[in-house]
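> sequence first, then the predicted structure:
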Amino acid sequence: MKKALITGITGQDGKYLTRLLLSKGYEVHGLKRRTSTSVNVDSMPESEKLFIHNGELTDSSSLMQTIQKIQPDEIYNLAAQSNVAMSFEMPEYTADLDAVGVLRILETIRILGLEKHTKFFQASTCELFGNVKTSPQNESTPFYPRSPYAIAKLYAHWITVNYREAYNIFACNGILFNHESELRSESFVTRKITMSAARISLGLQDKLFLGNLNANKDWGHSEDYTEAMYLMLQNDTPDDFVISSGETHSVREFASLAFREAGINLEWSGEGINEKGIDTDTGRILVEVDPKFFRPSEVNLMLGDSSKAERILGWKRHVTFRELIRRMVKHDIESLKEEKN
């Protein structure tokens, strides 16, 4: 029986990956921060093959003890401070967790002599491309990170490549474009939009405030992307892969579709910070721009090319952009109705 260790197991991707690995007969071990809420832990799948351990990527000793005890066949590093806006407010913490934390895992594999035993997956990010010069972005596109989060992830990406080449560790980077789901935290704009659309449709909220409506992202569903993570570690050769939907949509379009799924049609009026989303039936202003949600340095266009993963791994996405939004809004409306009742 294969053993897998997932850091950040209580997050969106951790939960979907746990379900996938359990379905394939794995014994799954998860590393969670001691500060993780009981709600996050209680929502994990129930299984006799699932074990949760306390630990931090900022603490080498807890990592060493956990990995030595488990001797995992595969490690999936999904733990990170992954909120881009927050990384500007907490740059040092973001660097310690997202950059040096990856080094701590790789050093643990090396020190314990697990180079031939343990495969390693690093959740990299499309934010590495940042101020893009060409589209779509693939594995050969130059990196130009535009936030403390992206810069920390750039270190993590290259230290993973370095340990693969220097110590022959089976280590892969998944350069993951934006992926969302019903399990996404409200600190992310997509879930903020779908929850607000659901609340407004139920009379629980008056208005939604957003930042840059023109930001274009490549959005997919977490369930598809965690399958790609698994496939990378089953490949014969360790390598790095872009995982994306191959489509780009603006924040404005995401909001329009989310409100439509909630039974509200929006029309947009004005420009820049004066742009507003208006309910076509009532004339109410439901969406406004608030400059406080702008990033100090913006990334305006993200569009990925996953042809390498499709060709080598046999990966393909299943959930479309519209289906992603439909699932999220439906989930949010149903959960709010249950709370209301």
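All right, it came through fine.
> strands along the stretch 201-341 of the chain, start to end?
For the stretch 201-341 of the chain, applying DSSP state E, counting those that start in this stretch gives strands covering 208-210, 216-217, 220-221, 241-243, 249-250, 266-269, 276-279, 285-289.
> closest one to Lys153 among these?
Among those, the nearest to Lys153 by C-beta to C-beta is strand 241-243 (14.0 Å). Any C-beta I mention is one placed from the backbone N, CA and C, and that applies to glycine too.
> elements contacting the closest one?
Using 3 or more C-beta pairs under 8 Å, 6 or more residues apart in numbering; DSSP states H and E as the contact test, the elements touching strand 241-243 are strand 171-176, helix 222-234, helix 307-312.
> and the longest one, what's its mean pLDDT?
For helix 222-234, the per-residue pLDDT values average out at 98.
> residues in contact with that helix: which ones?
12-13, 16-17, 20-21, 24, 74, 76, 119, 121, 123, 170, 172, 174, 176, 179-181, 183-184, 238-239, 241, 243, 309, 313-315, 317-319 (C-beta atoms under 8 Å, 6 or more residues apart in numbering).
> circling back to that earlier point, quick one: closest of the helices and strands packed on strand 241-243 to Ser196.
Among the helices and strands packed on strand 241-243, helix 222-234 sits nearest to Ser196 (C-beta to C-beta), with 20.2 Å.
> ok and the closest one relative to strand 171-176, angle-wise?
160 degrees (axes from the mean of the first three to the mean of the last three C-alpha atoms, to 10 degrees).
> in helix 222-234, what's buried?
Across helix 222-234, burial judged by 16 or more other C-beta atoms under 10 Å covers Ser222, Glu223, Asp224, Tyr225, Thr226, Glu227, Ala228, Met229, Tyr230, Leu231, Met232, Leu233.
> got JSON lines for these, with distance to Glu338 too?
Listed next are those as JSON lines, based on distance: C-beta to C-beta, whole Å:
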{"residue": "Ser222", "distance to Glu338": "22"}
{"residue": "Glu223", "distance to Glu338": "23"}
{"residue": "Asp224", "distance to Glu338": "27"}
{"residue": "Tyr225", "distance to Glu338": "28"}
{"residue": "Thr226", "distance to Glu338": "26"}
{"residue": "Glu227", "distance to Glu338": "29"}
{"residue": "Ala228", "distance to Glu338": "32"}
{"residue": "Met229", "distance to Glu338": "31"}
{"residue": "Tyr230", "distance to Glu338": "32"}
{"residue": "Leu231", "distance to Glu338": "36"}
{"residue": "Met232", "distance to Glu338": "37"}
{"residue": "Leu233", "distance to Glu338": "37"}
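> quick one: the helices in this protein?
Remark: helices assigned in the chain by DSSP state H are 12-23, 38-42, 60-70, 84-89, 91-95, 101-111, 148-167, 189-201, 222-234, 251-261, 307-312, 321-340.
> residues in contact with the fourth one?
By that I understand helix 84-89. For helix 84-89, the external contacting residues (C-beta under 8 Å, 6+ apart) are Gln81, Thr94, Glu127, Ser147, Pro148, Tyr149, Ala150, Ala152, Ser187, Phe293, Arg295, Pro296.
> how about low-confidence regions in the chain?
34-43, 297-300 (pLDDT under 70).
> picking up where we left off before, now for the strands of the stretch 201-341 of the chain, which one comes closest to Lys32?
Of these, nearest to Lys32 by C-beta to C-beta is strand 220-221, at 23.3 Å.
> the closest one pairs with which strands?
strand 179-180 (parallel) (DSSP bridges).
> what's in contact with the partner strand?
Applying C-beta under 8 Å, 6+ apart, the set of residues contacting strand 179-180 is 12-13, 188, 190-191, 219-222, 224-225, 243, 324, 328.
> for the spatially closest residue to Phe121 that is not a sequence neighbour, give the beta-bridge partners.
Closest residue to Phe121 apart from its sequence neighbours, by C-beta to C-beta, 6 or more residues apart in numbering: Tyr76 at 4.7 Å. Applying DSSP bridges to Tyr76 gives these bridge partners: Ile6, Phe121.
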